[in-house]
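A.B. asks: Please work out how this folds:
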Amino acid sequence: MNVCVIGLGYVGYPLAELCASKGHKVYGIDLSKKKIDSILKGIDPIEGKPIQQKFEVSTDNPGFVADSDVIIICVPTPVDKLKNPDLQPVISASEYTAMNLKKKSLVVVESTINPGVMEDVVKPIFDKHNLVVGVDYFLAHCPERINPGDPKWNVSNIPRVVGGLTSKCLDKAYDFYTSILSGSVMKMSNIRTAEATKIVENTFRDINIAFVNELAKSFSFLDIDTVEVIKGASTKPFAFLAHYPSCGVGGHCIPVDPYYLIERAKTKGFDHKFLKLAREINNSMPAYTVQLLIDALNDHKLSLNGTTIGVLGLSYKADVADLRESPSLEIINLLKKKGANVITYDPYIEIHL
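C.D. replies: All right, here's what the predicted structure looks like:
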């Protein structure tokens, strides 16, 4: 089977390697010439290690799509400066696919999207090219689940969910994913529930992180050790899931995905007040962290202005080279604005801020 993966980032590249390891002929497309050049040199563009599986890559090759039985869209779905969902990468990749698609191919979107996007945004693009879903091609959504830097859970063994536009679309997607994954695959009743599943997963984490971040602020007034409290609560063997406070929430998923649900619900007349409050709390943590430092310096009759501060760790989480939405960037910016001399170090990040 020929498989084309569009988008060779943290999601698409491991998936392409997995498909190649299962004996499929794999094509990869990414707009980044830097990534493509890295792959052509035999270097994993994500981890910088020697590649495990070779496959053909390009920044633009319609023939890759035309020659494929399965096309998987793994492009980013960010938000803009106003926190509005930016679906343009998905729209562009869908248009590119529809223009070059051969009949009877399976098209899967793995990118995280609002509930309803597959039906209201993606499908109409194929309709425009006179392609009938479930007849001329098969459309499904299998939301990505990847945990960069995790030695236990990887693209192969993480359980997945899948939804299709029709029952035949669902069956074809299910058959494909069960053939390449060692983890379980759950069929969802419709494609919208599959879309919502991923949004809920990350929104759940964002809300819980916001809860403990607010506890940390509260407990500082009450002279209570937040971490010790959470460890104590964790001894309860049921109905408690430990989260720990931090200087903020980063990455391409958790601080982004709630806005997709907030926006979609708003179009239908529902206001997600709780989700917006969680985002507000987590977005406040970099400034709160800097204020803690200022207070600590003041206790020692020192000023932040002119003090040299070392920031150890730049990426949004440990053991990855990903700066997207990293709270460290805002912390560094705030420190510099207040006159601090900032020195940074991260073994995974080459740039100096």
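
A.B. asks: elements contacting the longest helix seen in the chain?
C.D. replies: Using DSSP state H, we find that the single longest helix of the chain is helix 191-222. The contact analysis (3 or more Cβ pairs under 8 Å, 6 or more residues apart in numbering; DSSP states H and E) places helix 191-222 against strand 137-141, strand 160-164, helix 226-233, helix 257-267, helix 273-299. Quick note: C-beta positions are derived from backbone N, CA and C, even for glycine.

A.B. asks: List the contacts of the closest residue to Pro62 other than its chain neighbours.
C.D. replies: In this structure, Pro62 finds its nearest non-sequential neighbour in Asn100, 4.2 Å apart by Cβ to Cβ, 6 or more residues apart in numbering. Contact partners of Asn100, counting by Cβ atoms under 8 Å, 6 or more residues apart in numbering, are Pro62, Gly63, Val65, Ala66.

A.B. asks: Tell me how far the residue nearest to the second one when sequence neighbours are not counted lies from Phe126.
C.D. replies: Translated: Gly63. Residue nearest to Gly63 in three dimensions, not counting chain neighbours: Asn100, with 7.7 Å by Cβ to Cβ, 6+ apart. As judged by Cβ to Cβ, to the nearest Å, Asn100 and Phe126 stand 12 Å apart.

A.B. asks: buried ones in stretch 228-242?
C.D. replies: Judged by neighbour count using 16 or more other Cβ atoms under 10 Å, the buried positions of stretch 228-242 are Ile230.

A.B. asks: what distance separates the start and the end of that stretch?
C.D. replies: End-to-end span of stretch 228-242 (Cα to Cα, to the nearest Å): 11 Å.

A.B. asks: Touching that stretch from outside, list them.
C.D. replies: Asn208, Val212, Leu215, Phe219, His243, Tyr244.

A.B. asks: same thing but 7 Å
C.D. replies: Asn208, Val212, Tyr244 (Cβ atoms under 7 Å, 6 or more residues apart in numbering).

A.B. asks: Confirm that the last one sits in a helix.
C.D. replies: In other words, Tyr244. No - according to DSSP: H, G, I helix; E, B strand; the rest coil, Tyr244 belongs to no helix; its state is coil.

A.B. asks: And it, its phi and psi?
C.D. replies: phi -120, psi 150 (degrees, to the nearest 10).

A.B. asks: My guess is it contacts Val227. True?
C.D. replies: Yes - the pair Tyr244 / Val227 is scored as a contact, 6.4 Å apart, by Cβ atoms under 7 Å.

A.B. asks: what touches both of the two?
C.D. replies: Between them, Tyr244 and Val227 share no contacting residue, judged by Cβ under 7 Å, 6+ apart.

A.B. asks: Quick check: closest non-adjacent residue to Ile262.
C.D. replies: Nearest-residue entry for Ile262: His272, 4.7 Å, with adjacent residues in sequence omitted and distances by Cβ to Cβ, 6+ apart.

A.B. asks: what's near enough to touch that neighbour?
C.D. replies: His272 touches Leu261, Ile262, Ala265, counting by Cβ under 7 Å, 6+ apart.

A.B. asks: which residues sit against stretch 298-316?
C.D. replies: Here stretch 298-316 has contacts from 250-251, 293-294, 297, 321-326, 328, 331-332, 335, 338-346, 348-349, 353, using Cβ under 7 Å, 6+ apart.

A.B. asks: Out of these, list just those in helices.
C.D. replies: Per DSSP H, those map to helices at Leu293, Ile294, Leu297, Ser328, Ile331, Ile332, Leu335.

A.B. asks: Redo these as TSV? Include pLDDT, neighbour count and distance to Glu195.
C.D. replies: Shown next, in TSV, are those (pLDDT from 0 to 100; neighbours: other Cβ atoms under 10 Å; distance: Cβ to Cβ, whole Å):
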residue	pLDDT	neighbour count	distance to Glu195
Leu293	97	17	41
Ile294	97	19	43
Leu297	96	16	47
Ser328	96	23	31
Ile331	97	22	33
Ile332	97	20	35
Leu335	97	21	39
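
A.B. asks: Would you check which pair of these lies furthest apart?
C.D. replies: Leu297 and Ser328 (19.0 Å; Cβ to Cβ).

A.B. asks: How about the contacts made by Pro286?
C.D. replies: Neighbour list for Pro286: Cys247, Gly248, Pro327, Glu330, Ile331, Leu334 [criterion: Cβ under 7 Å, 6+ apart].

A.B. asks: isn't the fifth one right up against Cys247?
C.D. replies: I take that to be Ile331. Yes - in this structure, Ile331 is within contact of Cys247 by Cβ under 7 Å, at 6.3 Å.
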